[in-house]
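Engineer: model the structure of this input:
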Amino acid sequence: MNLIHYSDSAWSILPPVLAVILAVTTRRVLLSLGAGIVSGAFMLTDYSPVGALKYLSEKVLSIVWSNGSLNSDNVNMIIFMLLLGALISLMSASGATQAFADWAAVRCKDRRSAKSLTGLMVFIFFIDDFFHSLSVGAICRPVTDRFQISRAKLAYLLDSTAAPVCVLMPISSWGAYIIALIGGIMVAHNVTDQSPIAAFVEMVPMNLYAVFTLVMVLCVIAFQLDIGPMRKHEEWALEGKLWDESRGRPTGLDIETPEGSNGSMIDMVLPILTLTAATVYFMIESGATVLAAKGLEFSVIGSFENTNVGSSLVYGAICSLVVSIALALRLKLSAKTWLKAAPQGISAMLPAIVILFFAWTIGGVVRDMETGMYLASMANGNIPIEMLPAVIFVLSCAMAFATGTSWGTFGIMLPLAGDIAAASDISMLLPMLSAVLAGAVFGDHSSPISSTSILSATGAGCHHMDHVLTQLPYAVSVAFGALLGYIAIGYTHSAWAGLAVSGVWFIGFCMFAMRKNQPIMDMAEAK
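Structural biologist: Next comes the predicted model:
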């Protein structure tokens, strides 16, 4: 199908901007995403109703069937979500989640320790952001509910630890993808004095948004730092309302534990450990298979660079589900309980999958609109070399926000940043690549059409737009500090200068916010 090209036109940003504006004003996610999809379809087909309908049918089909075969990445993610829903439902039916909540209630003395537990779980589920958001959300929700922590705060803790940790960890689905891209960029520009993995590690302190987002999470936990709309949600939670009840019950895996269920901590811990360990094993195994096919020597990092994340998550979930069923057998749960629990978990995932389908569709439309190429072209002006890291950061923020995908932003902006650095000052290569990573994660956090935001809200049992709007003030404040830091890096060529400048802004912002935050802190302490 011949499509209209918009790579050199500001009209390319219309569909994503329309979706974002409608999502914020109406809070109706499917309507907003649908409007963006339909508007893009009409624009791409020169406003032909028949052409737009044909285009949309092909685009929706491509989500599961592309180039004559299954779209394995998307299909595996859907299967993983359904398996995870069944797993969590079974653990709830056996009483395992309740046992974990009871265990945590004894050891978590207050709201702060309950939030700390949730934040620390990222170091068990660091392999993938989707994996973390869905798993930790379902596991920790009974604990945060018990301590009257709002679902919006839980969604924030999930989202603001998942992507930042994944983007900083070389052994993760994100790290593997980024290292592979960096390797190609270094080869293209004859940078041979260090390996891609060494370059990735050197870039960690320069990924200012990810670093300070994690620091912000620590401050939110330690100082009850509730700013913007999050403050109202926390006040409601302290009154016993965990979400905005005027908007109905949010999507989430809320499975009732039947009377008489006698599950214990082992029924929670062993399946989760199996899920993590099996997923890591299959990621390494699938990557090793690719290395062997290429005739390359095995290495853990090499395996992660060539791994199949989707199939590894599915196999890990199957192994975990088998372990959970085996544990349930010893509890002598009735077949009726099993048969009821699995469909409940699967059906609880369906609304999130529908939203994800819409998000994937608008992502395809935005790619065809060439929104990313248009935004990337804005970096080709007469920009002072010292400002390039900051400009690249802003463009990456805008691109990830408009497209709803950090990985798509990596794919477009990392090579572009490499080309600009090679043409201007090759010593700025790593700072500019770091700015891309930082901007992409910010856009992923703040965009209503981001799949990570959708699944974090699902894992927390929070309304999607409640999560986006409550997380946005934290994301914007950290992003502004990161922008100042990239300006400092551009002028000094020092990562430490960037950290120092961002740190000064961060400390000043937190001190100001804490002064405004005292009343709700007092309320929380009273609880």
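Engineer: and the strands in this protein, which stretches?
Structural biologist: 65-66, 69-70 (DSSP state E).
Engineer: residue 406: which of those strands is closest?
Structural biologist: Taking CB to CB, strand 65-66 is the member of the strands of the chain nearest to residue 406, at 21.2 Å. Where C-beta positions appear, they are placed from N, C-alpha and C, glycine not excepted.
Engineer: may I see the strands of the chain organised as JSON lines, with distance to residue 510, mean neighbour count and mean pLDDT added?
Structural biologist: Output for the strands of the chain, formatted as JSON lines (distance: least, CB to CB, whole Å; neighbours: other CB atoms under 10 Å; pLDDT from 0 to 100):
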{"stretch": "strand 65-66", "distance to residue 510": "46", "mean neighbour count": "14", "mean pLDDT": "82"}
{"stretch": "strand 69-70", "distance to residue 510": "48", "mean neighbour count": "10", "mean pLDDT": "82"}
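Engineer: could you say which one of those strands comes nearest to residue 367?
Structural biologist: strand 65-66 (12.9 Å).
Engineer: off-centre distance for that closest one?
Structural biologist: Strand 65-66 sits 24 Å away from the centroid of its parent chain (CA atoms, centre = their mean, to the nearest Å).
Engineer: and if you look at stretch 503-512?
Structural biologist: Offset of stretch 503-512 from its chain centre (CA atoms, centre = their mean): 25 Å.
Engineer: about what we covered before: turn the strands of the chain into JSON lines, columns for distance to residue 8.
Structural biologist: Formatted as JSON lines, those follow (distance: least, CB to CB, whole Å):
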{"stretch": "strand 65-66", "distance to residue 8": "27"}
{"stretch": "strand 69-70", "distance to residue 8": "34"}
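Engineer: how about those, which one is nearest residue 37?
Structural biologist: Once those are compared by CB to CB, strand 65-66 is nearest, at 17.5 Å.
Engineer: pairing partners for that closest one, with directions?
Structural biologist: Strand pairing for strand 65-66, determined by DSSP bridges: strand 69-70 (antiparallel).
Engineer: contacts for the strand it pairs with next, please.
Structural biologist: Outside strand 69-70, the residues that touch it by CB atoms under 8 Å, 6 or more residues apart in numbering are residue 64.
Engineer: residues touching the nearest residue to residue 191 once chain neighbours are set aside, list them.
Structural biologist: Take residue 191 and drop its neighbours on the chain: the residue closest to it by CB to CB, 6 or more residues apart in numbering is residue 429, 6.7 Å away. By CB under 8 Å, 6+ apart, residue 429 lies in contact with 185, 189, 191, 417-418, 421-422.
Engineer: give the other helices and strands that the longest helix along the chain contacts.
Structural biologist: Scanning the chain for the longest helix, with DSSP state H as the assignment, gives helix 335-368. In terms of contact count using 3 or more CB pairs under 8 Å, 6 or more residues apart in numbering; DSSP states H and E, helix 335-368 is assigned the packing partners helix 14-26, helix 29-44, helix 49-62, helix 72-94, helix 388-403, helix 451-460.
Engineer: those helices into TSV, with extra columns for distance to residue 470 and mean pLDDT?
Structural biologist: TSV is the format used below for these (distance: least, CB to CB, whole Å; pLDDT from 0 to 100):
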stretch	distance to residue 470	mean pLDDT
helix 14-26	13	83
helix 29-44	15	89
helix 49-62	31	91
helix 72-94	23	83
helix 388-403	17	89
helix 451-460	10	85
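Engineer: any idea which of those is most buried?
Structural biologist: Neighbour counts (mean count of other CB atoms under 10 Å) averaged over each of the helices and strands packed on helix 335-368 peak at helix 451-460, with a mean of 29.
Engineer: just want the angle from that one to helix 335-368.
Structural biologist: Put simply, helix 451-460 runs at 160 degrees to helix 335-368, going by axes from the mean of the first three to the mean of the last three CA atoms, to 10 degrees.
Engineer: next, the angle from helix 451-460 to helix 72-94.
Structural biologist: In terms of direction (the same axes, to 10 degrees), helix 451-460 departs from helix 72-94 by 10 degrees.
Engineer: helix 451-460 packs against which elements?
Structural biologist: Other elements packing on helix 451-460 under the criterion 3+ CB pairs under 8 Å, 6+ apart are helix 129-146, helix 151-168, helix 335-368, helix 429-446, helix 464-492.
Engineer: again, 6 Å this time
Structural biologist: Contact here means 3 or more CB pairs under 6 Å, 6 or more residues apart in numbering; DSSP states H and E; on that basis helix 451-460 packs against helix 129-146, helix 151-168, helix 335-368, helix 464-492.
Engineer: show me what counts as buried in the longest one.
Structural biologist: To tie it back to what came earlier, the one meant is helix 335-368. Judged by neighbour count (16 or more other CB atoms under 10 Å), helix 335-368 contains these buried residues: 337-338, 341-342, 344-346, 348-349, 351-353, 355-368.
Engineer: just want the angle from that helix to helix 49-62.
Structural biologist: Using the same axes, to 10 degrees: helix 335-368 against helix 49-62 is 130 degrees.
Engineer: and for the first one?
Structural biologist: Taking the same axes, to 10 degrees, one finds helix 129-146 and helix 49-62 inclined to each other by 80 degrees.
Engineer: could I get the buried residue list for helix 129-146?
Structural biologist: 129-145.
Engineer: chain center to stretch 402-417, what's the gap?
Structural biologist: 15 Å.
Engineer: just stretch 156-171 next, same as before
Structural biologist: Averaging C-alpha positions (CA atoms, centre = their mean) puts stretch 156-171 7 Å from its chain's average.
Engineer: dump it to CSV, keeping only the CA atoms.
Structural biologist: What follows is stretch 156-171, C-alpha atoms only, in CSV (Å, rounded to 0.1, in the frame of the first residue of the first chain):
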residue,chain,number,x,y,z
TYR,A,156,4.8,4.8,40.6
LEU,A,157,7.1,2.5,42.6
LEU,A,158,6.8,-0.2,39.9
ASP,A,159,7.3,2.0,36.9
SER,A,160,10.0,4.2,38.4
THR,A,161,12.2,1.2,39.4
ALA,A,162,11.5,-1.1,36.4
ALA,A,163,12.8,0.8,33.4
PRO,A,164,15.6,2.7,35.2
VAL,A,165,17.1,-0.5,36.7
CYS,A,166,16.7,-2.3,33.4
VAL,A,167,18.4,0.4,31.4
LEU,A,168,21.4,0.5,33.8
MET,A,169,21.8,-3.3,34.0
PRO,A,170,23.9,-5.0,31.3
ILE,A,171,22.3,-8.3,32.2
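Engineer: now do that stretch, average pLDDT.
Structural biologist: Taken as a whole, stretch 156-171 has an average pLDDT of 87.
Engineer: show me what counts as buried in that stretch.
Structural biologist: 156-170.
Engineer: stretch 6-14 now?
Structural biologist: Neighbour-count burial for stretch 6-14 [16+ other CB under 10 Å]: 6, 12-14.
Engineer: and the residue nearest the centre of the chain, how far is that from residue 463?
Structural biologist: Centroid check for the chain by CA atoms, centre = their mean gives residue 452 as the closest residue, at 3.4 Å. Remark: distance between residue 452 and residue 463 (CB to CB, to the nearest Å) = 16 Å.
Engineer: select, out of the helices and strands packed on helix 335-368, the one closest to residue 283.
Structural biologist: helix 72-94 (12.5 Å).
Engineer: rewinding a little: out of the helices and strands packed on helix 451-460, nearest to residue 386?
Structural biologist: Of all the helices and strands packed on helix 451-460, helix 464-492 comes closest under CB to CB, at 4.1 Å.
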